[in-house]
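J.: What would the 3D arrangement of this be:
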Amino acid sequence: MRRSAKKLKVAISLIPPFVMKTGEKYAGFEIDLWEMIAKEMGGGEI
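T.: I've put the predicted structure just below:
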């Protein structure tokens with residue numbers, strides 16, 4: 001049984017290398033971690 005996709009809201013701070021802004025996108029260790037957690041929770045997005 002697949003869980004329905006939900007949005008996951010998180011707060012971040014721009015602290016390289018954990019969170020960096022490149023153009024309009026965010027990247028870094030913390031972004032990768034939250035994306036993995038969202039995926040494990042049912043494919044939601046952050």
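J.: For the rest of this, base every contact and every neighbour count on C-alpha atoms.
T.: OK.
J.: Show me the helices in this protein, by range?
T.: 29-40 (DSSP state H).
J.: low-scoring stretches of it, by residue?
T.: The chain contains residues with pLDDT under 70 at 1-6, 44-46.
J.: Could I get the full set of strands for it?
T.: 20-22, 25-27 (DSSP state E).
J.: Using a markdown table, lay out the ones you listed together with mean neighbour count and distance to Met41.
T.: Formatted as a markdown table, the strands of the chain follow (neighbours: other C-alpha atoms under 10 Å; distance: least, C-alpha to C-alpha, whole Å):
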| stretch | mean neighbour count | distance to Met41 |
| --- | --- | --- |
| strand 20-22 | 13 | 24 |
| strand 25-27 | 12 | 20 |
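J.: Minimum distance to Met36: which of those strands has it?
T.: strand 25-27 (13.2 Å; C-alpha to C-alpha).
J.: counting contacts, what elements does that closest one pack onto?
T.: Secondary-structure packing of strand 25-27 (3 or more C-alpha pairs under 8 Å, 6 or more residues apart in numbering; DSSP states H and E): strand 20-22.
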